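**Q** I'll drop the sequence and a predicted model, then ask my questions.
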Amino acid sequence: MLAALLTSAVLTALASLDWRTGEKQKIITLTEQNGVYDLNGIPDFEKAVVRLSPGSGYYPNTYLSPRDADSAVPESTNRFEEIRADYLSQRFILKVPASNGVYAMNFTLSGRHAMRVYVNGELAAQSGQNGTTKQDTVVWENNITFHGAAVNGEMDILLYSAQFYHDKRGASLAELTIGKSATTVDPYLFEKIKGVAVMGAFLCAAVLLLGIYLILSRTRATLYFALACIVMALRECLQTQAWVYFAIPGNLSFMLEYLSVVLVTVFLSLYLGQYAVGRFFRIILYTALLGSCVYGVCILLGDSIFYTSILKYYQLLLVACIVPGIAVLFWNMRNPSKEQGAAMYGIAVFYLAVVSDILMYSDIFGDGPNTPVAEAAMLVFVLAQTVSLFQMNNRVLGEAKEAEQKLEAEKIALESLNRLKTEFLGNVSHELKTPLTVMSGYAQTTKQLAGKPDTLDGGEVSRRMTLISSEAERLSLMVGQILDVTRMEEGRMVMEPVRCYVDEIIHTAVETHYPILNKNQNRLDIRIESGLPAVHADPARISQVIVNLISNAVRFTTEGVIAISAKKENAHILVCVADTGVGMEAQRLLHSFERYSKKEKSGVGQDTGTGLGLYICKHIVEQHGGEIWIESEEGHGTSVYFTLTVYKEDF
């Protein structure tokens, strides 16, 4: 805020300076003496510009004919404030050196006027179209430049000026400046050059921001600010002499100048909407938007006298919205980011200048010369907001790129998962078919034996029925694993923990499943520490873990040892299922607990399995608050460990 205040002060100081280059001409001010301006006594007239203030008389609501100038009775300029004149005439009689040739002259008024100038009875210049009614008057600019020469050392100059468009004032009294034609430059040339340059700067900023909006990111804040820059370019064109280079009618120019204020307010309010946090700020924002829209309708559909008469109320509304709105905005953003800091600096500079200009044009502090700074402040605003928008767009693009990378990673993961599922379904289809084939084959041969009672061997039938039962158990385990994974993914796998003992769970699981799981002549070794405390667990699920681990061990071990152990370690029971089988590769060990992991061939004749066993075991153990891990070395067997928490009352 301090930086914004200093910037506004600097802009105000710069705006009051005369930036015209070259040798400065001396300015001499003359007043009327007995109805005549005598320039004969001016020394060094070639290097001076003479300023002639309005005379003592003028002709309100009258276009004075050059033929009737001597007989008409003027009104005193002291009554100018009392008599509203929408059109008037002024007469300047100048005595100049007869030998000085052609003079360059300029009339300057307050506000846009239609003007016509006669010098010694001859039309010298015209700006707009003079009329006696608003309908036949076309206002133009606030100054007119012309040339004239003296006749017998005297110039009789008549000025017609008309202004029907503003409620606050009618036609103004003009001030005349005169200099030598060869040495006097256009006093508004610098204003024209400045207007074109500033307009070009706004348009360049608008093109840049529109390019960012269309090509890089569709952020509405960028679009709103680009449109505000376009409107400011139009306003700068209208407020300076630059607009006369374009085919814009004077009356339309007058209306557009007021409408540009509304459009700038609307677009900047929409832009500031990105910072509208909180109910109070939104109320202020919507109030400014609604007030601007209402005033804009008045400009488009109403008469100029009407919308210039209510301008002060619109200005009051803007001040009432700007001051608390900017205060709340700064309060809400006490610790801004770099992006917000640049934006807030520009906002503060511009709106301080806007408030200053509103107060200046309202003549609250007197009817002095108006030196607006809003356009220069808008350039600072544009620069600051462009920096802010660049930072914002970089952030948005970074977030979009990060989201794109995340989506790409998720896509790759989903494609990998889909591929694994496809492979899994193919493997499961094969694995489910294997026990079914065995069961079907033994059932058919047993049926054939049953059809020959004379040769029926009870032992052979019992052996075959045992094999059928074993394969059915394997089939049941595989189907159960698939169903368990489905329940886990849907969150429907329910644990029912109770107070139980690990040694009982292990013995029950071994007695029930080991005889039918072990087909590779392995030896079972059970080592359970005596006096193990109880655990808080679901016996059926822990039994499922042990059965899955035993199933994996016997698949990869032939004529070896399957060791099951359990012992107490601190507040946990450590259970281990170890084998002396083929072991696991280090790379394979990293992915052993993943679902749908590629099933490896055992190499020992037991290839039945789904590849889901360890994934299910990990889920069950972790649901019990325990941990599970594997220690293995290729060719030297595998050991799987998991822990269970001791029941609190037994600890």
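**A** Looks like it arrived, so ask away.

**Q** what is residue 640 paired to in the beta sheet?
**A** Using DSSP bridges, the bridge partners assigned to residue 640 are residue 577, residue 630.

**Q** Distance check, it against residue 337.
**A** Residue 640 sits at a distance of 51 Å from residue 337 (criterion: C-beta to C-beta, to the nearest Å). C-beta here means a position set from N, CA and C on the backbone, and glycine is covered the same way.

**Q** do residue 43 as well
**A** 64 Å.

**Q** the more surrounded of those two?
**A** Using other C-beta atoms under 10 Å as the criterion, residue 43 and residue 337 rank with residue 337 on top: 13 against 8.

**Q** Residue 592 touches residue 631, doesn't it?
**A** No: assessed by C-beta atoms under 8 Å, residue 592 is found out of contact with residue 631, at 11.2 Å.

**Q** And those two? Which one has more around it.
**A** With neighbours defined as other C-beta under 10 Å, residue 592 and residue 631 compare such that residue 592 has more, 20 against 14.

**Q** where does the more buried one land in three-state SS?
**A** Using DSSP: H, G, I helix; E, B strand; the rest coil, the structure places residue 592 in coil.

**Q** which helix in the chain runs the most residues?
**A** Identified as the longest helix of the chain according to DSSP state H is helix 374-450.

**Q** Report the angle between the next helix or strand after it and helix 374-450.
**A** Following helix 374-450 in sequence order, the next helix or strand is helix 458-490 (DSSP states H and E). Interaxial angle, helix 458-490 versus helix 374-450 (axes from the mean of the first three to the mean of the last three C-alpha atoms, to 10 degrees): 170 degrees.

**Q** I'd like the average pLDDT over helix 458-490.
**A** The predicted model assigns helix 458-490 a mean pLDDT of 74.

**Q** Beyond that helix, next helix or strand please.
**A** Note on helix 458-490: by DSSP H and E, the next helix or strand toward the C-terminus is strand 498-500.

**Q** ok, and what's touching that next one?
**A** Strand 498-500 is contacted by residues 534, 535, 536, 537, 538, 539, 542, 647 when judged by C-beta atoms under 8 Å, 6 or more residues apart in numbering.

**Q** List the ones among those residues that fall in strands.
**A** Per DSSP state E, strands hold the following members of the contacts of strand 498-500: 535, 536, 537.

**Q** Kindly indicate the member of those with the most neighbours.
**A** residue 537 (29 neighbours).

**Q** same for the host helix or strand of residue 547, what does it pack against?
**A** Assigned by DSSP H and E, residue 547 belongs to helix 539-555. Counting contacts by 3 or more C-beta pairs under 8 Å, 6 or more residues apart in numbering; DSSP states H and E, helix 539-555 packs against helix 458-490, strand 498-500, helix 502-517, strand 561-569, strand 572-579, helix 613-623, strand 638-645.

**Q** residue contacts, the residue nearest to residue 624 when sequence neighbours are not counted?
**A** The shortest distance from residue 624 to any non-neighbouring residue, by C-beta to C-beta, 6 or more residues apart in numbering, is to residue 537 (5.4 Å). Listed by C-beta under 8 Å, 6+ apart, the contact partners of residue 537 are 497, 498, 500, 505, 624, 644.

**Q** before we move on, what about residue 562?
**A** Residue 562 touches 514, 518, 522, 523, 524, 525, 550, 553, 554, 577, 578, 579, counting by C-beta under 8 Å, 6+ apart.

**Q** pLDDT for those residues - can I get that in JSON lines?
**A** Shown next, in JSON lines, are these (pLDDT from 0 to 100):
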{"residue": "514", "pLDDT": "80"}
{"residue": "518", "pLDDT": "78"}
{"residue": "522", "pLDDT": "90"}
{"residue": "523", "pLDDT": "91"}
{"residue": "524", "pLDDT": "91"}
{"residue": "525", "pLDDT": "93"}
{"residue": "550", "pLDDT": "90"}
{"residue": "553", "pLDDT": "91"}
{"residue": "554", "pLDDT": "89"}
{"residue": "577", "pLDDT": "95"}
{"residue": "578", "pLDDT": "95"}
{"residue": "579", "pLDDT": "94"}
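
**Q** Select from the residues you listed the one having the most neighbours.
**A** residue 553 (28 neighbours).

**Q** That one contacts residue 583, correct?
**A** No: counting by C-beta under 8 Å, residue 553 sits too far from residue 583 to count as a contact (11.5 Å).

**Q** Would you mind listing the residues touching both of those two?
**A** By C-beta under 8 Å, 6+ apart, residue 553 and residue 583 have these common neighbours: residue 638.

**Q** in the stretch 201-350 of the chain, which spans are helices?
**A** Under the criterion DSSP state H, counting those that start in this stretch, helices of the stretch 201-350 of the chain are mapped to 220-239, 250-272, 279-301, 304-309, 311-332, 338-361.

**Q** Can I get the third one in PDB, CA atoms only?
**A** Meaning helix 279-301. Output of helix 279-301 as PDB, limited to C-alpha atoms (Å, rounded to 0.1, in the frame of the first residue of the first chain):
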ATOM      1  CA  ARG A 279     -19.900 -12.000   1.800                       C
ATOM      2  CA  PHE A 280     -19.100  -8.300   2.300                       C
ATOM      3  CA  PHE A 281     -16.700  -8.200  -0.600                       C
ATOM      4  CA  ARG A 282     -19.200  -9.900  -2.900                       C
ATOM      5  CA  ILE A 283     -21.900  -7.500  -1.900                       C
ATOM      6  CA  ILE A 284     -19.600  -4.600  -2.800                       C
ATOM      7  CA  LEU A 285     -18.700  -6.300  -6.100                       C
ATOM      8  CA  TYR A 286     -22.300  -7.000  -7.100                       C
ATOM      9  CA  THR A 287     -23.300  -3.400  -6.100                       C
ATOM     10  CA  ALA A 288     -20.600  -1.900  -8.400                       C
ATOM     11  CA  LEU A 289     -21.600  -4.200 -11.200                       C
ATOM     12  CA  LEU A 290     -25.300  -3.500 -10.800                       C
ATOM     13  CA  GLY A 291     -24.800   0.300 -10.500                       C
ATOM     14  CA  SER A 292     -22.500   0.200 -13.600                       C
ATOM     15  CA  CYS A 293     -25.100  -1.700 -15.700                       C
ATOM     16  CA  VAL A 294     -27.900   0.700 -14.700                       C
ATOM     17  CA  TYR A 295     -25.700   3.700 -15.600                       C
ATOM     18  CA  GLY A 296     -24.700   2.000 -18.800                       C
ATOM     19  CA  VAL A 297     -28.300   1.600 -19.800                       C
ATOM     20  CA  CYS A 298     -28.900   5.300 -19.100                       C
ATOM     21  CA  ILE A 299     -26.100   6.200 -21.400                       C
ATOM     22  CA  LEU A 300     -27.200   4.000 -24.200                       C
ATOM     23  CA  LEU A 301     -30.900   4.800 -24.000                       C
END
